[in-house]
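Q: just coords:
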Ligand SMILES: Cc1cc2nc3c(=O)[nH]c(=O)nc-3n(C[C@H](O)[C@H](O)[C@H](O)COP(=O)(O)O)c2cc1C
C-alpha cells in the first residue's frame, strides 16, 4: 500500500490481457459494501475501442496528455437512485462510499500486479455519461487509469514533471481524534 502513488507516465505500448483486466475487476467485486448492495458499475476502456474513444473525447486538458497512454482505464459509476425521477429514493445511503472503496481495492490490486493506477475526475461527466448511455439512476464518478511505468522521454515535459511532484499529507493530528471532535489528537509518527 505504501508503494502506491498516482503515476502519470505510462508505457503506451503496454497492453493488458482480458484475464488481467478481470483480476482488477475481481478486486473491486470483493470490496465490502453497505448491506452487500454493491452499488458500483465499472466501464472498461481499452485503447482502440469505442469506450476509450468516448473517454478521450471528454478528458480535461490537464488529463488529456497522460490518461490515453494507460493500458486500460476504468470509469466508475454509482447506483444512486432507485428510479429515474430526480426525487426517487436513494438506492443506498452509502453508494458513494462503497464505489470509492471498490476503486481503492482495484487500485491496490494494480500495485500487487506491478502496475500503477491513477484515479481522476477531470473529464466532462455529462458528455461522457450521455455517450455511455448512463441512466439517471446512476452517477458517473471517476476514472482509474492503470498501466505500466513508461519512459519520461516519450512524453511532453509537463507530463514528465507530474511524476516528480512532492507527495504530502496532512498530519494525523489534524484528522484522527482519540476523543470527540478535535480532541485527543496525537503527534504523527513517520508512516
Ligand atoms: C476522486 C479523485 C479525483 C482525482 N482527479 C484527478 C485529475 O483529474 N487529474 C489528476 O491528474 N489527478 C487526479 N487525482 C489524483 C490525485 O491528485 C492524487 O491521488 C493526490 O494528489 C494524491 O497523490 P497520490 O495518489 O500520488 O498519493 C484524483 C484523485 C481522486 C481520488
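A: Noted; the coordinates are in hand. All figures in this text were calculated on a predicted structure; none of them were measured in a lab.

Q: remind me, longest helix of this protein?
A: helix 95-112 (DSSP state H).

Q: list phi and psi for the closest residue to the ligand within the chain.
A: Going by CB to the nearest ligand atom, the ligand is nearest to residue 122 of the chain, at 3.0 Å. Yep, even glycine has a C-beta here, placed from its N, CA and C like the rest. Backbone torsions for residue 122, taken as degrees, to the nearest 10, come to phi -80, psi 80.

Q: that one contacts residue 63, correct?
A: Yes. With contact defined as CB atoms under 8 Å, residue 122 counts as touching residue 63 (4.4 Å).

Q: is the ligand contacted by the longest strand along the chain?
A: Determined from DSSP state E, the single longest strand within the chain is strand 138-147. Yes. Residues of strand 138-147 are located near the ligand by CB under 6 Å from any ligand atom, namely residue 142.

Q: what helices and strands are in contact with that strand?
A: The helices and strands touching strand 138-147, judged by 3 or more CB pairs under 8 Å, 6 or more residues apart in numbering; DSSP states H and E, are strand 72-79, helix 95-112, strand 116-120, helix 125-132.

Q: strand partners of that strand, parallel vs antiparallel please.
A: Paired strands of strand 138-147, with direction, are strand 72-79 (antiparallel), strand 116-120 (antiparallel) (DSSP bridges).

Q: angle of the shortest one against helix 95-112?
A: Think strand 116-120. Angle, strand 116-120 to helix 95-112, by axes from the mean of the first three to the mean of the last three CA atoms, to 10 degrees: 160 degrees.

Q: and the contacts of strand 116-120?
A: 4-8, 10, 63, 66-67, 70, 103, 106-107, 110-111, 142-149 (CB atoms under 8 Å, 6 or more residues apart in numbering).

Q: tell me what the longest helix of the chain is packed against?
A: So helix 95-112, by 3+ CB pairs under 8 Å, 6+ apart, packs with helix 18-29, strand 40-45, strand 72-79, strand 116-120, strand 138-147.

Q: format the ones you listed as TSV; extra columns: mean neighbour count.
A: Putting those into TSV (neighbours: other CB atoms under 10 Å) gives the following:
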stretch	mean neighbour count
helix 18-29	16
strand 40-45	20
strand 72-79	23
strand 116-120	22
strand 138-147	22
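
Q: what does this protein have sitting close to the ligand?
A: Counting by CB under 6 Å from any ligand atom, the residues of the chain close to the ligand are 5, 6, 62, 63, 119, 120, 121, 122, 142, 167.
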